[in-house]
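S.K.: I'll drop the sequence and a predicted model, then ask my questions.
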Amino acid sequence: MNRTLPAVGLFAVLVFIIALNLRPVMAAMGPLFPLLQHDAQLSAAQLSLLTTLPVIMMGLAALTGPLLLRTLGEVRGIACGLVLIALASLARGVNHSAIMLITSALVAGCGIGLIQALMPAQIKRRFGAKAGTLMALFTTGIMAGAAIAAASAAPLATAQGLGLTLAIPALPAVIALLLWRVMSHHTTPVPDTDTPRSGALGQQRPWLLMIFFGIGTGAYTLVLAWLPPFYIQHGWQPEQSGYVLGALTLTEVVAGFVLAAVIHRFRDRRRPLLVVLGMILPGLLSLLMLGGEQAWLPTLLLGLGIGALFPLSLIVTLDYARTPEEAGALLSFVQGGGYLLAALMPLIAGMVRDRAASLDSAWVIMSAGIVLLMVMALRFKPQH
C-alpha cells in the first residue's frame, strides 16, 4: 500500500486552505466602500490603494522570489506570510482609520506576496509533473477566499460592526498557519517523471509571459476592486453589490475547478486561452451596455473567463520551467512584473471615478487589453 498518497492528498488540501487567505483583505473593500467612506473618509482613489498597494507588494515579493528562497526557504517564508496577513487583519480591526487601512494593506500585501512567490516552487518540488493541476487548485482557492469575503463583508458589518469584519480574516490565517507548521514536514516530494525539456527560454519569452500575466491579472484586480462600487453607483445596496462580486468569484472558483480537471487534456494551451479571453471581452462590454441591469450576464461571463485565465497564465508559465528552481525564478519574474502592471488598473479606475460619474472608461481600457491578450496567446506554442 502506498502510504504517500494520503500525505499528498492532505498537502493538496492544505495548499487550498492557505490560498483561501490570499484575497479577503482586498475582496471585502468594495462592498464596504460606503462604510469606509463614512468612517475613514476614504476617497475613491484611496479605496483603490487598498487593492493597488497589496498587488504592488505581491509584485515586489515575487521579483525577490529567488532571494526569498535562499534566505527564508519555502516552508518558513509561507509561514511568515500567514503571520503578516493575520497581523494586518488584527490591526485593521483595532483601528480602521485611513492611515491604518493603507498601512495594513502594505503589510498584508507583503504576506500575500511571500506566499505567492514561494508556493509555486513548493508545488513544483512536491508534485513534479502534476504541478499544473495543483497550481489550478491553488489559484481556485485564492478565488474561493475572495468569494467568501465579498459575499459576507457587508452583511457581517451590518450585524457585527466594521471592526470585527475587518479583523475576521486573521482567524483563518492563524488556522492555516498552524496546519502548515504541523503538516508541511509530513509530505514527501513526488518525482517528476516527465523527460526534461530541452531548449532555452530566450530573452523575449519571459517578457511576453509577464505582460500577458499582468494584463490578465489587471482584469481580475479591476473587477475585484470596482465591481461593487459600480453597482452601488447604479442604485444597488452594498449587500447586493457584495453578493454580485461573491457570485462572480464563486463562478471563478467553478471555472478553476473545471480547469484543474481538464487542463491535462490540452497540451496546446492556446485553445483554452482563446476560449476564456472570448468570455471576458463580452463580459466587460456588457457592463458598458447594461449598466446596473441584468447583472447575471457579466457575472457569468467575467467569472468563467477570469476564473480560468488566472490559473492558465501561471500554468503556461510553469510549462516553460524544467526544474523547481527554474520554476521559482521564472514565476518570480512573471508574477513580479505582472502584479506591478496589474496594480495600475484599480488605481486608474479610482482616479477615473473621482473625476467622473462613471467607470465606463476603465471597462473600455480593459477591453482593449483583452484584445491584445488574444493576439499574444497565439504565440504560446507547446514546448517539446
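M.R.: In hand now; what should we look at?
S.K.: Listing request: residues of the stretch 51-200 of the chain with sub-threshold pLDDT.
M.R.: The model of the stretch 51-200 of the chain has pLDDT under 70 over residues 128-130, 132, 185-200.
S.K.: how about 50 then?
M.R.: 189-200 (pLDDT under 50).
S.K.: ranges for the helices of it?
M.R.: Counting by DSSP state H, counting those that start in this stretch, the stretch 51-200 of the chain has helices at residues 65-71, 74-94, 98-127, 131-160, 162-167, 170-183.
S.K.: of all these, which lies closest to Ser43?
M.R.: With CB to CB as the measure, helix 98-127 is the member of the helices of the stretch 51-200 of the chain nearest Ser43 (9.1 Å). Just so you know, the C-beta spots here come from the backbone N, C-alpha and C atoms, and that holds for glycine as well.
S.K.: So what's the gap between that closest one and the chain middle?
M.R.: In terms of CA atoms, centre = their mean, to the nearest Å, the centre of helix 98-127 is found 10 Å from the chain centre.
S.K.: who wins for proximity to Asp354 among the helices of the stretch 51-200 of the chain?
M.R.: In terms of CB to CB, the element of the helices of the stretch 51-200 of the chain nearest to Asp354 is helix 98-127, at 14.9 Å.
S.K.: Which positions in that closest one come out as buried?
M.R.: Using 16 or more other CB atoms under 10 Å as the test for burial, helix 98-127 gives 98, 100-101, 103-105, 107-127.
S.K.: ok so, going back, would you turn the helices of the stretch 51-200 of the chain into a markdown table with distance to Val262?
M.R.: Formatted as a markdown table, the helices of the stretch 51-200 of the chain follow (distance: least, CB to CB, whole Å):
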| stretch | distance to Val262 |
| --- | --- |
| helix 65-71 | 29 |
| helix 74-94 | 28 |
| helix 98-127 | 18 |
| helix 131-160 | 10 |
| helix 162-167 | 37 |
| helix 170-183 | 28 |
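S.K.: So which of the ones you listed is nearest Gly256?
M.R.: Checking the helices of the stretch 51-200 of the chain against Gly256 by CB to CB gives helix 131-160 as the closest, at 3.1 Å.
S.K.: What helices and strands are in contact with the closest one?
M.R.: In terms of contacts (3 or more CB pairs under 8 Å, 6 or more residues apart in numbering; DSSP states H and E), helix 131-160 is packed against helix 4-19, helix 24-27, helix 98-127, helix 162-167, helix 238-262, helix 296-319.
S.K.: Looking only at it, what residues are buried by neighbour count?
M.R.: Of the residues in helix 131-160, 131-154, 156-157 count as buried by neighbour count, 16+ other CB under 10 Å.
S.K.: next one: stretch 281-293
M.R.: Quick answer for stretch 281-293 (16+ other CB under 10 Å): Leu281, Pro282, Gly283, Leu284, Leu285, Ser286, Leu287, Gly291.
S.K.: Just give me the closest of the residues you listed to Tyr339.
M.R.: Leu284 (20.5 Å).
S.K.: Export only the CA atoms of the helix or strand hosting that closest one, formatted as CSV.
M.R.: According to DSSP states H and E, Leu284 maps onto helix 270-290. Provided in CSV are the C-alpha atoms of helix 270-290 (Å, rounded to 0.1, in the frame of the first residue of the first chain):
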residue,chain,number,x,y,z
ARG,A,270,-3.7,28.3,-26.8
ARG,A,271,-7.2,27.0,-27.4
PRO,A,272,-8.4,27.2,-23.8
LEU,A,273,-6.7,30.7,-23.6
LEU,A,274,-8.7,32.0,-26.5
VAL,A,275,-11.9,30.5,-25.2
VAL,A,276,-11.6,32.2,-21.8
LEU,A,277,-10.5,35.5,-23.3
GLY,A,278,-13.5,35.2,-25.6
MET,A,279,-15.7,35.2,-22.4
ILE,A,280,-14.0,38.1,-20.7
LEU,A,281,-14.3,40.6,-23.6
PRO,A,282,-18.2,40.4,-23.9
GLY,A,283,-18.4,40.4,-20.1
LEU,A,284,-16.6,43.8,-20.0
LEU,A,285,-18.7,45.1,-22.9
SER,A,286,-21.9,44.0,-21.2
LEU,A,287,-21.0,46.2,-18.2
LEU,A,288,-20.9,49.2,-20.6
MET,A,289,-24.1,48.3,-22.4
LEU,A,290,-26.3,47.1,-19.5
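S.K.: what residues are up against Pro282?
M.R.: Applying CB atoms under 8 Å, 6 or more residues apart in numbering, we find Pro282 in contact with Leu301.
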